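predicted model, plus sequence, below.
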Amino acid sequence: MLKLPKIIGHRGACGYAPENTLESIRTAADMGVEWVELDVKLTKDSIPIIFHDDDLDRTTNGSGPVREATWEDIQQLEAGSWFADSFSGIKIPSLEETVELLIDLDMGLNLEIKPCAGREIETAEIALDMLSRYWDAHDRLLISSFSHVSLESARDLAPDWRRSLLLWHEDMPADWVELADYLDAATINISDQLATRDFIRQIAEMEKPALVYTINDPHRARILQSWGVASMFTDVPDVILEGMLQVH
Ligand code: G3P
Ligand code: MG
């Protein structure tokens, strides 16, 4: 049985610390967050790293495509001061060191496979291979992706690890129900813009949990909770946890 928490820290707790860093994960843990969502992609030399964008520019002092940067290049970069001076000096973490920290902190993980274009299969293969060396808690792991090719690889490589089909309102596959079935998705993870009562009901009829990203407004969180949403991704876990407590 999957032990889904009510909230999942988005890219750690990226409202309070630089996204997808060990510091962001620690910040989430300090807030009592049980699971975090993190994005994984490959360096040029195929090291899996925790990073969101295709380019280095927004969240580091580097520039250009991640796919052109080696692990050695990545280690030279600084990934904290764009967020706040107090985080200056923070590094982009490898998947390996990230997983070690999550195990130390006893946290669950939604690993989003976020491949650079053309690397959909190998990103899934390499990330899952790395994860398989460390991760035992099947009930506290979700592998998600917008890439159907990556999810197909994940299904074939690690059929026992639960997968989530990610859906985004601006690029909805018309055949998403069939896709979810084909990929044997355990959950359907949708953008807030897709999260109408009817859509959530439709997911419930498939007997799958609906997860919604990214919810930073406690009022909206309470509405989604009342519609039966299983879990929400948030940048501000403390705000949403407190907002939800008011329901009970
Ligand atoms: O997995 C939910 C969410 O992380 C998907 O969008 O762009 O934040 O990775 P993005
Ligand atoms: Mg993500």
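Okay, I see it. Not measured: the values here are computed from a predicted model. Residues are numbered from 1 along each chain as shown. Ligands and ions are numbered 1, 2, ... in the order given.

beta-bridge partners for the residue in the chain that ligand 2 sits nearest to, please?
Residue nearest to ligand 2 within the chain: residue 112 (4.0 Å; Cβ to the ion). C-beta: built from backbone N, CA, C; applies to glycine. On the basis of DSSP bridges, residue 112 is bridged to residue 39, residue 144.

thought it was touching residue 38?
Yes - Residue 112 lies in contact with residue 38 (Cβ atoms under 8 Å); the separation is 6.9 Å.

and the residue nearest the centre of this protein?
residue 37 (3.0 Å; Cα atoms, centre = their mean).

ok, back up a step: neighbours of the residue of the chain closest to ligand 2, how many?
28 (other Cβ atoms under 10 Å).

and it, what's its pLDDT?
Listed pLDDT for residue 112 reads 99.

follow-up on the earlier one: so the residue nearest to the centre of the chain, which of the three states?
strand (DSSP: H, G, I helix; E, B strand; the rest coil).

which ones are touching the residue of the chain closest to ligand 2?
37, 38, 39, 40, 144, 145, 166 (Cβ atoms under 8 Å, 6 or more residues apart in numbering).

can you do 10 Å?
Applying Cβ atoms under 10 Å, 6 or more residues apart in numbering to residue 112 gives the contacts 10-11, 20, 37-41, 50, 52, 127, 142-147, 150, 164, 166, 189, 213, 233.

and ligand 1, which of these contact it?
Here is what survives when the contacts of residue 112 are matched to ligand 1 using Cβ under 6 Å from any ligand atom: 10, 37, 39, 52, 144, 166, 189, 213, 233.

quick one on the thing from earlier: now the contacts of residue 112: which count as buried?
When the contacts of residue 112 are checked for burial by 16 or more other Cβ atoms under 10 Å, the buried set is 10-11, 20, 37-41, 50, 52, 127, 142-147, 150, 164, 166, 189, 213, 233.

just to revisit the earlier point, with distance to residue 64 added, can I get the ones next to ligand 1 among the contacts of residue 112 in TSV?
Below are the ones next to ligand 1 among the contacts of residue 112 laid out as TSV (distance: Cβ to Cβ, whole Å):
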residue	distance to residue 64
10	25
37	26
39	18
52	15
144	27
166	26
189	30
213	28
233	28
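
tell me, which of the residues you listed make contact with ligand 2?
Among the ones next to ligand 1 among the contacts of residue 112, the residues within reach of ligand 2 (Cβ under 5 Å from the ion) are residue 39.

in the ones next to ligand 1 among the contacts of residue 112, find the pair that's most separated.
52 and 189 (15.5 Å; Cβ to Cβ).

against which helices or strands is the helix ranked longest in the chain packed?
Counting by DSSP state H, the longest helix found in the chain is helix 120-132. Contacts defined by 3 or more Cβ pairs under 10 Å, 6 or more residues apart in numbering; DSSP states H and E place helix 120-132 against strand 35-42, strand 48-50, helix 95-105, strand 108-113, strand 141-145, helix 148-157.

out of those, flag the one nearest residue 183.
Using Cβ to Cβ, the nearest of the helices and strands packed on helix 120-132 to residue 183 is helix 148-157, at 4.7 Å.

and the angle from that closest one to strand 35-42?
In terms of direction (axes from the mean of the first three to the mean of the last three Cα atoms, to 10 degrees), helix 148-157 departs from strand 35-42 by 100 degrees.

so the residue in the chain positioned nearest to ligand 1 bridges to which residues?
Nearest residue of the chain to ligand 1, counting by Cβ to the nearest ligand atom: residue 213, 3.8 Å away. Judged by DSSP bridges, the bridge partners of residue 213 are residue 191.

the helix or strand of the chain with the lowest mean pLDDT: which residues count as buried?
Scoring the helices and strands of the chain by mean pLDDT, DSSP states H and E places helix 237-245 at the bottom, with a mean of 90. Buried positions in helix 237-245, judged by neighbour count with 16+ other Cβ under 10 Å: 237, 238, 239, 240, 241, 243, 244.
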